[in-house]
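Q: any chance you could fold what I've pasted below:
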Amino acid sequence: MAFSEIARRGLVMLGCGKMGSAMLEGWLDRDLPPASVHVLDPHPSDWLARQGVGLNGPLPDGPAVVLLAVKPQMMAEALPSVARFGGGGTLFVSVAAGTPIATFEAALGPGTRIVRAMPNTPAAIGQGITAIVGNAAAGPEDLAMAEALLSAVGQVVRLEDEDQIDAVTGVSGSGPAYVFHMIDALAGAGVAEGLPPDLAMALAKATVAGAGALAMSADETPEQLRRNVTSPNGTTQAGLEVLMDARTGLAPLMRRTVAAATGRSRELRG
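A: Below is the predicted model of the structure:
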């Protein structure tokens, strides 16, 4: 239903960088007609130019959706180009970090249906998770439309209110960087114990990727999975005694990490 409505009325993308391109690729793979997509981007990629979408040309009179995917610092300059679609006839979906719904309501006018989304970088390979929340004008059908679009790049979860976006930023928005740093740290620890750097990195990457895949596919909780691989008085237990220390272990460190990122997200939105 979502894609048929878009195919009929059109979809406008304001910006099409890495995140926008990942979403567009997912939609085209799901047979969304390229001609129904209209992109405004001052620096389109070579890939985008080959997709058969409308590029920096005339826009449809009443598109079903406008996707806002420009960088936050460019939003004020870019929004006027789609402001005429505000007022309720078109659903606006924003994947721009740090720009609150109130900013869009002020720029697009009363009655504008707006869904704010917080994706994360694994969306670039279709393995992301995106949190969404709508404004008062956005109804159940609007959230369903946004979910259908964003599911092209991974899972979608719904928030109860916009204030939760800050915590989402601290967990899943910034979280991939935490995991990348963990891979580096795990590989570095292997090197310190005598492994060649390339081998240590290969082991660390595959271990984190495999454990994540297992956690996603298993019926057991992560806690139970941990117990499953921890033999009494074995090597894993020895390592976990360090990692699970109540004062210096991973849990208190992650609490401080997520709290710092969440706090900064609140500061940035004022």
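Q: mind listing what M74 touches?
A: By C-beta atoms under 8 Å, 6 or more residues apart in numbering, the contact set of M74 is G15. (Glycine included, C-beta is placed from N, CA and C.)
Q: assumed it was part of a strand.
A: No: when DSSP: H, G, I helix; E, B strand; the rest coil is applied, M74 is found to be helix, with no strand at that position.
Q: can you check the pLDDT for it?
A: Listed pLDDT for M74 reads 88.
Q: also R269?
A: Residue-level confidence at R269 comes out at 73, pLDDT.
Q: burial of it, as a residue count?
A: Counted with other C-beta atoms under 10 Å, residues neighbouring R269 total 17.
Q: ok, now how distant is it from E162?
A: As judged by C-beta to C-beta, to the nearest Å, R269 and E162 stand 9 Å apart.
Q: list residues touching both of the two?
A: With C-beta under 8 Å, 6+ apart as the test, R269 and E162 both reach P100.
Q: quick one, strands of the stretch 51-200 of the chain?
A: Here the stretch 51-200 of the chain has its strands, by DSSP state E, counting those that start in this stretch, at 54-55, 65-68, 91-94, 113-118, 128-134, 154-158.
Q: could you list the domains of this structure?
A: Taking automatic domain parsing as the reference, the chain has its domains at 2-162, 175-268.
Q: which of these sits closest to T169?
A: Closest approach to T169 among those is made by domain 175-268 (4.2 Å; C-beta to C-beta).
Q: re earlier: any idea which of the strands of the stretch 51-200 of the chain gets closest to L143?
A: Across these, closest to L143 is strand 128-134 (C-beta to C-beta), at 5.3 Å.
Q: for the closest one, C-alpha coordinates in CSV please.
A: The C-alpha coordinates for strand 128-134 follow below in CSV (Å, rounded to 0.1, in the frame of the first residue of the first chain):
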residue,chain,number,x,y,z
GLY,A,128,20.4,-0.8,10.6
ILE,A,129,17.8,-0.1,13.2
THR,A,130,15.7,3.1,13.1
ALA,A,131,13.5,4.6,15.8
ILE,A,132,10.6,6.7,14.7
VAL,A,133,8.1,9.1,16.3
GLY,A,134,5.4,11.3,14.8
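Q: can you tell me what sits against it?
A: Residues contacting strand 128-134 (C-beta under 8 Å, 6+ apart): 95, 101, 113-123, 142-143, 146-147, 150, 153-162, 164-165, 168, 172.
Q: stretch 20-28 too?
A: For stretch 20-28, the external contacting residues (C-beta under 8 Å, 6+ apart) are 3, 13, 16, 34, 37, 39, 41, 45, 47-48, 51, 53, 67, 69, 95, 123-126, 149-150, 152-153.
Q: so V95 sits against N120, correct?
A: No: with contact defined as C-beta atoms under 8 Å, V95 does not reach N120; the gap is 10.5 Å.
Q: tell me which helix or strand of the chain sits lowest on mean pLDDT?
A: Least confident helix or strand, the chain: helix 2-9 with a mean of 86, by mean pLDDT, DSSP states H and E.
Q: for the residue nearest the centre of the chain, give me its contacts.
A: Nearest to the geometric centre of the chain sits P119, at 1.3 Å (C-alpha atoms, centre = their mean). Residues counted as contacts of P119 (C-beta under 8 Å, 6+ apart) are 19, 95, 128-130, 150, 153-154.
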